[in-house]
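[1] Okay, predicted coordinates and the sequence, questions at the end:
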Amino acid sequence: MLGCGMIHPKVFESAGYEPGKYTGFAFGMGINRLAMMKYGIDDIRLFMAGDSRFNKQF
């Protein structure tokens, strides 16, 4: 239900933090995950594919 994962070290480096000193964990819930549960969609990549036939179903 919730998307989560470790933050890549390059993200901290590009934000100006000392490389290797910090680590992080990101998480959150998007509206697309709720739609997946409601409509029984098993692949989140379908939302980002840009196929209008998929989007017109809803």
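    Sure, I can see it.

[2] Run through the helices of the chain in chain order.
    9-14, 31-39, 45-48, 52-55 (DSSP state H).

[3] Looking at the closest residue to residue 20 other than its chain neighbours now. What's its pLDDT?
    Once flanking residues are discounted, residue 20 sits nearest to residue 9: 6.7 Å by Cβ to Cβ, 6 or more residues apart in numbering. All C-beta atoms are positioned from the backbone trio N, CA, C, and that covers glycine. Predicted confidence (pLDDT) for residue 9: 92.

[4] now swap in residue 58 and tell me
    On the pLDDT scale, residue 58 gets 74.

[5] Ok, residue 34 next?
    So, for residue 34, pLDDT stands at 87.

[6] cool, residue 1 as well?
    pLDDT at residue 1 comes out at 67.

[7] Against residue 18, how distant is residue 40?
    From residue 40 across to residue 18, the span is 45 Å (Cβ to Cβ, to the nearest Å).

[8] right, I mislabeled it, should have said residue 25
    Distance of residue 25 to residue 18, given as Cβ to Cβ: 18 Å.

[9] For the closest residue to residue 24 other than its chain neighbours, list the residues it contacts.
    Closest residue to residue 24 apart from its sequence neighbours, by Cβ to Cβ, 6+ apart: residue 7 at 3.7 Å. When contacts are counted by Cβ atoms under 8 Å, 6 or more residues apart in numbering, residue 7 touches 23-26.
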